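Asks: Everything below, folded, please.
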Amino acid sequence: MDLQKLLFSLSETSCITGAGTATNVVFDTVKRFAPDTFRDPLGNIIAPVKKAKEGRPHILLEAHMDEIGFVVQTIDDDGFVHIGKVGGPDIRVLLGSEVTIFGKEPVYGVFCCRPPHLSSKDDYKKVPELDELAIDIGYTHDKAVEKVSPGDYITLRQAPAELINGLITGKALDNRAGVATVLRCLELCAEKVDCGLTAAFTLSEELGCRGAVTASYTAAPTHAIVVDVSFGYTPDAPKEKCGKIGKGPMIGISPVLSGEVTSVLFEAAKANNIPYQTEVMGGETGTNADSVSISRGGVATGLVSVPLRYMHTAVETIAVSDVENTARLMAAAAEQIGGGKNV
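Replies: Numbers count the residues shown, from 1 in each chain. Next up is the predicted model:
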């Protein structure tokens with residue numbers, strides 16, 4: 001599997017609560033490992049790789065597919081599009097950004113940006129509210145309403161790119177990096193894990209982890225490993241709350257996670273010489289692991305995260321090696337649990 005090629009194909013597609021083409025890429029790719037893959041009523045993709053056996057572990061590997069974005073609210077008399085947010089986009093960097101509106105056909109636009117010559121010193125000191133922003137699609141009002149309607153979804157528009165030192169940048173790597181990790185993990189372990197194994201690629205994480213609730217209920221696992229992204233260190237961020245890009249997966253430690261599964265993740269990393277970091281949380285993780293862990297009668301859940309810089313922007317940045325090492329870690333842990341590790 002060419003991880004960088006997969007990551008690029010996932011990043012350049014779109015998916016807000018199921019709207020967009022990213023789900024098709026995931027569905028077509030995972031069917032290689034699970035021919036009986038299906039979509040549930042919420043649009044989650046559930047891939048039963050190995051059938052669960054009574055009295056044996058059943059492992060769920062989970063990553064969310066959806067990305068942050070916007071929704072059309074109104075179109076004003078001059079043809080400018082006014083919006084609401086879907087999830088938590090970083091409003092600080094929107095001015096002048098390119099977007100795609102999924103109307104009757106894709107419509108490209110840019111966030112309006114006042115010229116610096118017309119801006120006051122005070123303007124530079126504040127972040128605009130979302131309702132102060134608009135998108136320019138180049139149409140008059142009459143032409144705009146032929147193409148775009150209230151309720152149409154909008155994503156940031158940015159082609160993925162390769163940086164130096166094994167880094168890549170693009171939109172929606174939160175959490176297409178996790179999606180690629182699960183797919184790579186299946187390539188590594190689908191034939192080796194000696195127990196039930198299901199992969200779930202979920203929607204609506206950015207809206208409160210809704211997709212993980214139904215997907216984990218449907219899958220009914222005994223154990224789960226959830227993969228998401230977490231904060232990658234930059235000089236303007238608190239070092240103690242961040243991981244370092246290129247230094248391996250961040251293993252989550254939290255009271256809502258299973259101590260036993262977390263221990264297996266640490267053991268698997270050490271036994272297989274996989275570089276890792278830790279991420280300690282005093283309560284909920286803010287990921288789908290929170291929902292998966294309390295599905296049905298409870299699921300022993302672990303969390304691993306890929307360090308990512310510039311979260312919820314169009315230039316999210318990761319190291320491809322971190323995706324590979326996270327997949328290796330998940331595969332090794334799944335093999336341990338499936339091999340009878342007492343978890």
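Asks: which residue ranges form the helices in the protein?
Replies: For the chain, the helices defined by DSSP state H cover 3-11, 22-30, 141-147, 173-189, 210-219, 259-271, 289-293, 320-338.
Asks: Can you tell me which helices and strands the first one packs against?
Replies: What it means is helix 3-11. If you count contacts as 3 or more CB pairs under 8 Å, 6 or more residues apart in numbering; DSSP states H and E, helix 3-11 packs onto helix 22-30, strand 167-170, helix 173-189, helix 320-338. All C-beta spots, glycine's among them, are computed from the backbone N, C-alpha and C.
Asks: Indicate which one of the ones you listed is closest to residue 146.
Replies: helix 22-30 (26.9 Å; CB to CB).
Asks: Give me the domain ranges for the protein.
Replies: Domain assignment of the chain by automatic domain parsing yields the ranges 3-67+171-338, 69-156.
Asks: How far off centre is the shortest one?
Replies: For domain 69-156, the distance from its own C-alpha centre to the chain's C-alpha centre is 23 Å (CA atoms, centre = their mean, to the nearest Å).
Asks: End to end on it, go ahead and measure it.
Replies: 7 Å (CA to CA, to the nearest Å).
Asks: avg pLDDT for it?
Replies: Mean pLDDT, domain 69-156: 92.
Asks: Over to stretch 221-237?
Replies: For stretch 221-237, the per-residue pLDDT averages 97.
Asks: Return the alpha-carbon coordinates of it using CSV.
Replies: What follows is stretch 221-237, C-alpha atoms only, in CSV (Å, rounded to 0.1, in the frame of the first residue of the first chain):
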residue,chain,number,x,y,z
PRO,A,221,-17.1,-5.5,19.8
THR,A,222,-15.5,-6.7,23.1
HIS,A,223,-12.4,-4.5,22.4
ALA,A,224,-11.7,-1.4,20.4
ILE,A,225,-8.7,0.6,19.2
VAL,A,226,-9.7,4.1,18.1
VAL,A,227,-7.3,6.2,16.0
ASP,A,228,-7.6,10.0,15.6
VAL,A,229,-5.1,12.9,15.3
SER,A,230,-3.8,15.0,18.1
PHE,A,231,-1.8,18.2,18.6
GLY,A,232,1.6,18.3,16.9
TYR,A,233,4.1,20.7,18.5
THR,A,234,4.9,24.1,17.1
PRO,A,235,6.8,26.9,18.8
ASP,A,236,3.5,28.8,19.7
ALA,A,237,1.9,25.8,21.4
